[in-house]
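[1] Turn this into a model:
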Amino acid sequence: MNMQTTLTPPVNVVCMKWGTLYGPEYVNNLKRGVSRHLRRPHRFVCFTDDVTGLEAGIETFPLPELDLPAGHGDRRWRKLALFRRDLADLQGTTLFLDLDLVIVTDLEPFFTHPGTFLIIRDDDLFRAKPLRRINPARDRFLHSVGNSSVFRYEIGAHSYILDAYLADPAKAMANYEISQQFQSAQLAAHGHLQYWPREWCVSFKNACVPRNLASYIWDPAPPESAKMVVFAGQPKMGEVLAGGGHKWYRRIGKVDWLHDAWYGNGQMASDLQKGNLLDLTDRQHGPHGMDVLVGG
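    Sure, this is the predicted structure:
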């Protein structure tokens, strides 16, 4: 046995699943992707309200409690519970991943890149919005917002985010449209807001699919330096995997690389036989209990 492996404490890779928008195949395939691309010792943990269909090797815990004050039952910002001082039995360095993304290469840099709290800059996933400059202060704030699809932190080190929310949830939700805006504001106030290199986490629509009529000539492909592909906005991953997501001005051609990255090891055939691929498309319009987790 490698002595370094036995002495290195495991890192955590965590995700959350609640409601009906994402089925167990999303967690299972994400876990496989992590296993293929992360060699260092790690725990793969899913916080969920339904463990049905999750494969062996996935550690599961109930959804962490927000501990909302009496009279406030809105749990759309449930992801903020990840910043509890105590999070199940987890300790140390943790990488959070949303379910609707694919890993295309080595994850090790996500654990070695320097920084206290690292997250995608939301603007990096979208095209420029010139009209935002009409309100410079608002533009500056939105440019600072992190997209919480992929972030690294230390368990318990940023409990001030949850504390600030619980102090007045109604005010927080009135002042910020979605939880990642509130989260980013708190991180920035404490000097902890840092971003992944722009080329690491890219948007499928904006970075992989050729623009406009060029999409009728070339198929989608991830940029060479991309490590994860995120489905921010439309189309959703389930639509694309099922052969959809087209617009008259944007063709989505062959995406064999996406199938390989998401399914891996011939799992696509198994999921097709079980009908999971069709389920992915159907679920895009199903009810769920989340606020916007990706997108601006």
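
[2] buried stuff in stretch 178-188?
    By neighbour count on 16 or more other CB atoms under 10 Å, the buried set for stretch 178-188 is 178-187. C-beta: built from backbone N, CA, C; applies to glycine.

[3] With pLDDT and distance to D168 added, can I get those in TSV?
    Converted to TSV, those look like this (pLDDT from 0 to 100; distance: CB to CB, whole Å):
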residue	pLDDT	distance to D168
I178	93	17
S179	95	15
Q180	96	18
Q181	96	16
F182	97	11
Q183	97	15
S184	98	18
A185	97	14
Q186	97	13
L187	98	18
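
[4] Name the nearest of the residues you listed relative to Y160.
    Q186 (6.3 Å; CB to CB).

[5] follow-up on the earlier one: of the buried residues of stretch 178-188, which belong to helices?
    179-187 (DSSP state H).

[6] Tell me where the model's unsure across the chain.
    Within the chain, the stretches with pLDDT under 70 are 1-7, 265-296.

[7] Please, where are all the strands along it?
    Per DSSP state E, the chain carries strands over the ranges 11-17, 42-48, 59-62, 93-97, 101-103, 117-121, 146-154, 193-195, 201-203, 228-230.

[8] Just send those strands back as CSV, with mean neighbour count too.
    Shown next, in CSV, are those (neighbours: other CB atoms under 10 Å):
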stretch, mean neighbour count
strand 11-17, 22
strand 42-48, 20
strand 59-62, 14
strand 93-97, 21
strand 101-103, 24
strand 117-121, 23
strand 146-154, 22
strand 193-195, 20
strand 201-203, 23
strand 228-230, 26
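
[9] Could I get those strands in a markdown table, plus columns for distance to H72?
    Formatted as a markdown table, the strands of the chain follow (distance: least, CB to CB, whole Å):
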| stretch | distance to H72 |
| --- | --- |
| strand 11-17 | 20 |
| strand 42-48 | 21 |
| strand 59-62 | 20 |
| strand 93-97 | 24 |
| strand 101-103 | 31 |
| strand 117-121 | 26 |
| strand 146-154 | 21 |
| strand 193-195 | 26 |
| strand 201-203 | 33 |
| strand 228-230 | 31 |
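
[10] OK, contacts around R43?
    Going by CB atoms under 8 Å, 6 or more residues apart in numbering, R43 touches 10-13, 59, 90.

[11] my guess is W218 meets R211, correct?
    No: counting by CB atoms under 8 Å, W218 stays clear of R211, with 10.1 Å between them.

[12] returning to that earlier point: for the buried residues of stretch 178-188, please prepare JSON lines with the additional fields distance to W262.
    Below are the buried residues of stretch 178-188 laid out as JSON lines (distance: CB to CB, whole Å):
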{"residue": "I178", "distance to W262": "26"}
{"residue": "S179", "distance to W262": "26"}
{"residue": "Q180", "distance to W262": "24"}
{"residue": "Q181", "distance to W262": "29"}
{"residue": "F182", "distance to W262": "31"}
{"residue": "Q183", "distance to W262": "27"}
{"residue": "S184", "distance to W262": "28"}
{"residue": "A185", "distance to W262": "33"}
{"residue": "Q186", "distance to W262": "33"}
{"residue": "L187", "distance to W262": "30"}
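
[13] Out of the residues you listed, which comes closest to A137?
    A185 (12.8 Å).

[14] And that closest one, how close does it get to T116?
    16 Å (CB to CB, to the nearest Å).

[15] Also G233?
    Taking CB to CB, one finds G233 at 29 Å from T116.

[16] Pretty sure P235 sits against G243.
    No: assessed by CB under 8 Å, P235 is found out of contact with G243, at 10.8 Å.

[17] quick one, which of those two is more surrounded?
    Taking neighbours as other CB atoms under 10 Å, P235 and G243 compare with P235 leading, 20 against 12.

[18] what residues are up against that one?
    204-205, 244-245, 252 are the contacts of P235 under CB under 8 Å, 6+ apart.

[19] thinking again about what came up before, how about CSV for the contacts of R43, with distance to S35 added?
    As requested, the contacts of R43 are exported to CSV (distance: CB to CB, whole Å):
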residue, distance to S35
P10, 13
V11, 13
N12, 14
V13, 10
E59, 13
L90, 18
